[in-house]
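Novice: Fold the following and give me the result.
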Amino acid sequence: MIRAIIVDDERPSVDKMGKLLGDSGVVDIKGKFLNPLDALEFVKKVKIDTAFIDIEMPEMDGFQLANRVFALQEWTAVVFVTAYNEYAVEAFRINALDYLLKPVDKKRLNETLERIRQEKNININQSRMQVRCFGKFKVIAGSGEVKFRTSKAEELLAYLIDGRGAEISRDEIIDRLWPDYEGDRAVAHFNTTLYNVRKALQQNGIQASIKHSRGCYCLEAASIDCDYHRFLSLTAAPTAINVLTISDYEALAALYTGDYLESNQFQWSQRSRMQLKEKYVQLVLDMAEYYKAVGEQDRAAELLKTGLKHEPLHTDLNYRLVETLMVAKKRIAAVKYYNAYRRELKNELGLEPDVKLRKLMA
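Specialist: Residues are numbered from 1 along each chain as shown. Below is the predicted model of the structure:
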């Protein structure tokens with residue numbers, strides 16, 4: 001069955017499309033939504049195959065919604081359903097699978113469903129690689145977590161994933177992973193390790209391809225669902241935080257379950273680890289500022305506490321948390337937290353809290 005959602009701000013249109021899809025016999029309607037924001041919340045939690053989306057909606061237009069659905073579940077087959085044909089070019093520009101005009105013709109809809117079904121069958125037969133880089137490096141396929149023969153095989157795959165589809169020379173890989181080896185010995189280690197990576201992926205039914213061209217290697221990024229890749233993509237062109245985008249930022253912050261490759265401590269990953277942590281901390285600060293501005297002090301404090309789990313002594317995070325508790329008229333909690341922070345800062349670094357924070361508590 002094709003798992004689908006319907007998003008349209010007009011109830012009659014939702015009901016009519018629901019009946020057509022239900023009558024097809026191949027669709028499992030997971031949700032019907034009049035509000036695109038409700039649809040986004042649903043997509044964060046439930047796996048879908050396709051989304052039938054109206055274009056002209058007051059809260060958020062269909063193109064905006066489609067882009068956010070792609071950010072959450074990038075392989076979703078989006079089908080636009082509209083009464084207007086002038087949007088077709090834009091629809092296909094953002095990689096929509098199809099474009100249906102209202103009133104939807106049953107035969108035309110069945111053609112669309114067949115295209116979705118064919119695409120769905122491909123995804124079923126091929127196990128897509130799920131990669132987790134925040135916290136501990138982990139590769140998951142349909143049969144479970146992929147086990148590698150050696151730690152170097154795991155590290156080599158992590159290094160290729162870190163490259164995000166870029167071609168990396170064999171010499172660079174050897175320099176990063178086998179800095180103490182030279183010449184034929186280094187090449188032999190590389191070749192054996194590369195073989196072990198390919199074998200592990202093949203044994204788990206993973207179709208991800210490690211390509212070789214002119215002495216360089218790359219892993220096709222399109223064949224991977226990776227938290228690290230998604231985090232970078234979503235932070236590359238940030239939009240203003242507001243009522244329409246805050247749910248996207250919540251999903252983004254939720255990706256950060258630990259520092260980048262934290263449990264592995266690959267030497268080459270240190271710079272990226274620091275840069276990603278800085279991005280995450282700024283994200284938390286910006287989101288907390290938004291929640292504070294709209295009067296949701298408790299949510300702001302909760303976010304800041306989560307951020308402090310990853311960076312306990314960060315000056316700005318600690319200041320914002322104490323400030324937020326004070327604004328929420330929770331002075332006892334603020335004083336208790338401040339004293340705990342002050343002790344930890346003294347014990348760990350031999351320092352006192354920042355002057356600004358001390359003034360706040362005076």
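Novice: who's in contact with the closest residue to residue 242 other than its chain neighbours?
Specialist: Counting by Cβ to Cβ, 6 or more residues apart in numbering, residue 242 lies nearest to residue 290, which is 7.5 Å off, once chain neighbours are set aside. Any C-beta I mention is one placed from the backbone N, CA and C, and that applies to glycine too. When contacts are counted by Cβ atoms under 8 Å, 6 or more residues apart in numbering, residue 290 touches 241, 242, 246.
Novice: Phi, psi for the first one please.
Specialist: Dihedral angles phi and psi of residue 241 (degrees, to the nearest 10) take the values phi -80, psi 120.
Novice: Report pLDDT for the residue nearest to it when sequence neighbours are not counted.
Specialist: Using Cβ to Cβ, 6+ apart and skipping the chain neighbours, the partner closest in space to residue 241 is residue 290 (4.4 Å). For residue 290, the pLDDT comes out at 96.
Novice: now swap in residue 324 and tell me
Specialist: At residue 324, the model reports a pLDDT of 97.
Novice: Put the alpha carbons of the host helix or strand of the residue nearest to residue 241 into PDB.
Specialist: For residue 290, the element it lies in under DSSP states H and E is helix 270-293. Coordinates of each C-alpha in helix 270-293 appear next as PDB, following Å, rounded to 0.1, in the frame of the first residue of the first chain:
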ATOM      1  CA  GLN A 270      37.800  17.400  15.300                       C
ATOM      2  CA  ARG A 271      37.500  20.600  13.200                       C
ATOM      3  CA  SER A 272      34.000  19.700  11.900                       C
ATOM      4  CA  ARG A 273      33.000  18.700  15.400                       C
ATOM      5  CA  MET A 274      33.800  22.100  16.800                       C
ATOM      6  CA  GLN A 275      32.100  23.900  13.800                       C
ATOM      7  CA  LEU A 276      29.000  21.900  14.100                       C
ATOM      8  CA  LYS A 277      28.800  22.400  17.900                       C
ATOM      9  CA  GLU A 278      29.000  26.200  17.300                       C
ATOM     10  CA  LYS A 279      26.200  26.000  14.700                       C
ATOM     11  CA  TYR A 280      24.100  24.000  17.200                       C
ATOM     12  CA  VAL A 281      24.700  26.400  20.100                       C
ATOM     13  CA  GLN A 282      23.700  29.400  18.000                       C
ATOM     14  CA  LEU A 283      20.600  27.500  16.800                       C
ATOM     15  CA  VAL A 284      19.600  26.900  20.400                       C
ATOM     16  CA  LEU A 285      20.200  30.600  21.400                       C
ATOM     17  CA  ASP A 286      18.200  31.800  18.400                       C
ATOM     18  CA  MET A 287      15.300  29.500  19.100                       C
ATOM     19  CA  ALA A 288      15.300  30.400  22.800                       C
ATOM     20  CA  GLU A 289      15.200  34.100  21.900                       C
ATOM     21  CA  TYR A 290      12.100  33.400  19.700                       C
ATOM     22  CA  TYR A 291      10.300  31.500  22.400                       C
ATOM     23  CA  LYS A 292      11.200  34.200  24.900                       C
ATOM     24  CA  ALA A 293       9.800  36.900  22.600                       C
END
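Novice: Following the chain onward from it, which element is next?
Specialist: Later in the chain than helix 270-293, the nearest helix or strand by DSSP H and E is helix 297-310.
Novice: what is the orientation angle of that following helix with helix 270-293?
Specialist: An angle of 170 degrees separates the directions of helix 297-310 and helix 270-293 when computed by axes from the mean of the first three to the mean of the last three Cα atoms, to 10 degrees.
Novice: quick one: average pLDDT of helix 297-310?
Specialist: When pLDDT is averaged along helix 297-310, the result is 96.
Novice: Show the low-confidence segments of the chain, by residue range.
Specialist: Filtered on pLDDT under 70, the chain yields the residue ranges 120-128, 142-143, 207, 221-223.
Novice: Let's check: the centremost residue of it is which one?
Specialist: With distances taken as Cα atoms, centre = their mean, residue 230 lies nearest the centre of the chain, 3.9 Å away.
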